[in-house]
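Peer 1: Have a look at this prediction, sequence included:
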Amino acid sequence: SGKYVGYGIRKGKLSAKLNYKIEDRKLSASNNIFLDQLTFGDPVESPDAIKAPVLLAVALLKNGRGEINLDLPVSGTLDDPQFSIGGLVFRAIMNLLGKAITAPFALLGSMFGGGEELAWLEFDAGRAGITETGTGKLETLAKALKSRPALKLEITPRVDPQQDLPGLRKVFLERQLKTVKLKRLSDA
């Protein structure tokens, strides 16, 4: 692990269920890899190690019981001179780690929801209320964070002055109109 991941393994158990089918010199395989209590040790210097936040990727993939369950389908043709089962599986794992690192909220959305992007929560211009879509995203994110206790969430607020300023003006006008209507009703 140190050579490719940049960390030694302190502990963990690996189980694999492999199903390989070759037909007309074409491989179709499913690999179910189960890691239990995977714990990395100290960093290892290696020129071959992936230059990415591997610990974050593993935290994203680990459930609340410390388990990682991966389904890695691979396929290829035996006539390809570059064909290697180990290489295919390694690329599938690196692809999954890459997705976890480059788009963690998209990965969580696909694992716990309908695949929606969870990296942001959009509000209607000038409004503080959470939309129905936003509520769904928050529920998905809450489920993901509850089942991934090693993850921490940092929230950074952002505004769009070009959209929010007109939205705030509209909300202010609506409130003024409502106040005038209520005053007229109470005076009547």
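Peer 2: Looks like it arrived, so ask away. Numbering: from 1, shown residues only.
Peer 1: Please report how far V54 lies from R25.
Peer 2: 35 Å (C-beta to C-beta, to the nearest Å). Heads up, the C-betas are built off the backbone N, CA and C, glycines and all.
Peer 1: chain center to the lengthiest helix in the chain: distance?
Peer 2: Secondary structure of the chain per DSSP state H: the longest helix is helix 161-187. Helix 161-187 has its C-alpha centroid displaced from the chain centroid by 40 Å (C-alpha atoms, centre = their mean, to the nearest Å).
Peer 1: Only the buried residues of that helix, if you could.
Peer 2: G167 (16 or more other C-beta atoms under 10 Å).
Peer 1: Could you check which of V54 and R25 is surrounded by more residues?
Peer 2: V54 (20 against 11; other C-beta atoms under 10 Å).
Peer 1: tell me the mean pLDDT over the strand or helix carrying L145?
Peer 2: Assigned by DSSP states H and E, L145 falls within helix 132-147. The predicted model assigns helix 132-147 a mean pLDDT of 85.
Peer 1: Run through who's touching that helix.
Peer 2: Contacts of helix 132-147 with the rest of the structure, by C-beta atoms under 8 Å, 6 or more residues apart in numbering, involve 63-64, 105, 108-109, 111-114, 116, 118, 121-123, 130, 151, 153.
Peer 1: what do you get for stretch 49-57?
Peer 2: Against stretch 49-57 from outside (C-beta under 8 Å, 6+ apart): 2-7, 40, 94, 97-98, 100-101, 104.
Peer 1: Just the residues you listed: which are in strands?
Peer 2: 7, 40 (DSSP state E).
Peer 1: where does the protein have low pLDDT?
Peer 2: 113-116 (pLDDT under 70).
Peer 1: repeat that with 90
Peer 2: 1-7, 18, 25, 27-31, 33, 43-44, 46-66, 68-129, 132-171, 184-188 (pLDDT under 90).
Peer 1: Quick one: the helices in it, in order.
Peer 2: 2-5, 54-61, 85-102, 104-112, 132-147, 161-187.
Peer 1: Of all these, which one comes closest to V44?
Peer 2: Among these, helix 2-5 comes nearest to V44, with 3.3 Å by C-beta to C-beta.
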